[in-house]
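S.K.: mind looking at a prediction? Sequence and model below.
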Amino acid sequence: MQHEEKNEGHDEREDGLRGRLVRAGVELVNAEGAQALSLREIARRAGVSHGAPRRYFPTHLDLLSAIARQGFAELAGRLAEEDREDAGPRERIAILARVYLAYAGTRRGMYELMFRHDLLESGRLGLRETSLPLFAHLTGLVARITAPGPAAEPGSGAGDEAGVGAASGADAAVRAGALWANLHGIAQLWHWGSLRLATGGDDPGPLIAAALDAHLGPVEPAS
């Protein structure tokens, strides 16, 4: 019994130190950006020796992936808070887009880390699988939007609930991918200041509306 309790205590300490390293990395990336995430600096902020991270994360990519997972969890949490299940699919996509751009603006370092190609390509700690639910959510909403026609309600945009004319699974994924790429580009160019300079605007809202019109069809005016 004492041996089991000793092992449990050891496991808790191990999990605690691992979590402390991840939390230190999250704080660091939010404060100083992804470029600051060296193993030595994370260890220093966590209050452990510079070699300690290797005990829990065999490679630098493992630790960075664990930090990025926290970013995807935070983004998913923000979306869950803002999403409205009683709203139509187009309105919910607009909410997703606003949350996505707001996250990119307020968590710049984490946002860049989350979508680093080398992390996603490595598949460390299931990071790719962690990133997919958000895209699946977007794809599902796009799939519920139909082409304009008699079945569409006035003011519903390019469509309404799934039915005749609804996007097929493959088509929805392509359209969702194109929309996501558009939003990602807006996030990047807005951060760099290029879009504000080009458009003279200080609100990305019209750009979100234009992106949705381009990929989902324009909103039909209410009669």
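M.R.: Nice, I can see it.

S.K.: how close does the residue nearest to Arg107 when sequence neighbours are not counted get to Leu134?
M.R.: Counting by Cβ to Cβ, 6 or more residues apart in numbering, Arg107 lies nearest to Asn30, which is 6.3 Å off, once chain neighbours are set aside. Any C-beta I mention is one placed from the backbone N, CA and C, and that applies to glycine too. For Asn30, the distance to Leu134 (Cβ to Cβ, to the nearest Å) stands at 19 Å.

S.K.: neighbours around the residue nearest to Arg107, how many?
M.R.: When neighbours are defined as other Cβ atoms under 10 Å, Asn30 has 15 of them.

S.K.: that one contacts Gly109, correct?
M.R.: Yes: contact criterion Cβ atoms under 8 Å: Asn30 and Gly109 qualify, at 6.0 Å.

S.K.: where do the helices of the protein begin and end?
M.R.: Taking DSSP state H to define them, one finds helices in the chain at 2-32, 39-46, 53-56, 60-82, 89-106, 108-114, 117-122, 127-143, 169-192, 194-199, 205-216.

S.K.: okay, those helices in a markdown table with mean pLDDT next?
M.R.: Below are these laid out as a markdown table (pLDDT from 0 to 100):
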| stretch | mean pLDDT |
| --- | --- |
| helix 2-32 | 74 |
| helix 39-46 | 95 |
| helix 53-56 | 90 |
| helix 60-82 | 95 |
| helix 89-106 | 97 |
| helix 108-114 | 96 |
| helix 117-122 | 85 |
| helix 127-143 | 91 |
| helix 169-192 | 93 |
| helix 194-199 | 93 |
| helix 205-216 | 96 |
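
S.K.: from those, which stretch is densest packed?
M.R.: helix 108-114 (a mean of 21; mean count of other Cβ atoms under 10 Å).

S.K.: export that one as PDB, just CAs?
M.R.: The C-alpha trace of helix 108-114 is given here as PDB (Å, rounded to 0.1, in the frame of the first residue of the first chain):
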ATOM      1  CA  ARG A 108      -0.800  36.500 -31.900                       C
ATOM      2  CA  GLY A 109       2.200  34.300 -30.800                       C
ATOM      3  CA  MET A 110       0.000  31.300 -29.900                       C
ATOM      4  CA  TYR A 111      -1.900  31.700 -33.200                       C
ATOM      5  CA  GLU A 112       1.300  31.500 -35.200                       C
ATOM      6  CA  LEU A 113       2.500  28.500 -33.200                       C
ATOM      7  CA  MET A 114      -0.800  26.600 -33.700                       C
END
